[in-house]
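In: what follows is a predicted structure for the sequence shown.
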Amino acid sequence: MKILSKLFRNKEKEKIIEQLHFARNVAKRLDEHREIVESIRDHTDLFKTHEWHIWQMATQDDYLMRLFYICYGFYPKVGLDPRNGQSVRKRPEILGECGLPEFKNKAL
């Protein structure tokens, strides 16, 4: 997943990562996405009446996981991660396991 390194020089890569961190950072976006999934699950019937939204939210979570990896060079740990000082909550069980092929092949 070192595609940015191959495509861009370090300065260009840093600029892209800086732009991805718009309105806080990618770690915060992933954490808030998971918080929203938990709120929808706990306070509405949306996932029961419109089950396809679970798949859509799982895909969004996977997408944010990939952006996280692009920005930080590693996948998030649950809770405060000393590698980047960011905190990301656990992926809600309703979403299932991360579907990224590169994540599934990693021993975390």
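Out: Happy to help now that I have it. Quick caveat, the model's predicted, so the values are computed rather than measured.
In: end-to-end on stretch 15-29?
Out: End-to-end span of stretch 15-29 (Cα to Cα, to the nearest Å): 18 Å.
In: state the distance from residue 73 to residue 93.
Out: Taking Cβ to Cβ, to the nearest Å as the criterion, residue 73 is separated from residue 93 by 27 Å. In short, each C-beta sits where N, CA and C put it, glycine included.
In: could you do residue 49 as well?
Out: Distance from residue 49 to residue 93, by Cβ to Cβ: 19 Å.
In: same thing with residue 38?
Out: Counting by Cβ to Cβ, the gap from residue 38 to residue 93 is 10 Å.
In: over to residue 58?
Out: According to Cβ to Cβ, residue 58 stands 11 Å off from residue 93.
In: more neighbours: those two, which one.
Out: Shown here are residue 58 and residue 93; by other Cβ atoms under 10 Å, residue 58 has more neighbours (19 against 8).
In: which strand or helix spans the more buried one?
Out: Assignment of secondary structure by DSSP states H and E places residue 58 within helix 52-72.
In: run through the neighbouring helices and strands of the helix or strand following that helix.
Out: From helix 52-72 onward toward the C-terminus, using DSSP H and E, the following helix or strand is strand 79-81. Contact here means 3 or more Cβ pairs under 8 Å, 6 or more residues apart in numbering; DSSP states H and E; on that basis strand 79-81 packs against strand 86-88.
In: by contact count, what packs against the helix or strand just after the strand it packs on?
Out: Later in the chain than strand 86-88, the nearest helix or strand by DSSP H and E is helix 101-104. Contact analysis of helix 101-104 by 3+ Cβ pairs under 8 Å, 6+ apart lists helix 52-72 as its packing neighbours.
In: cool, thanks, signing off.
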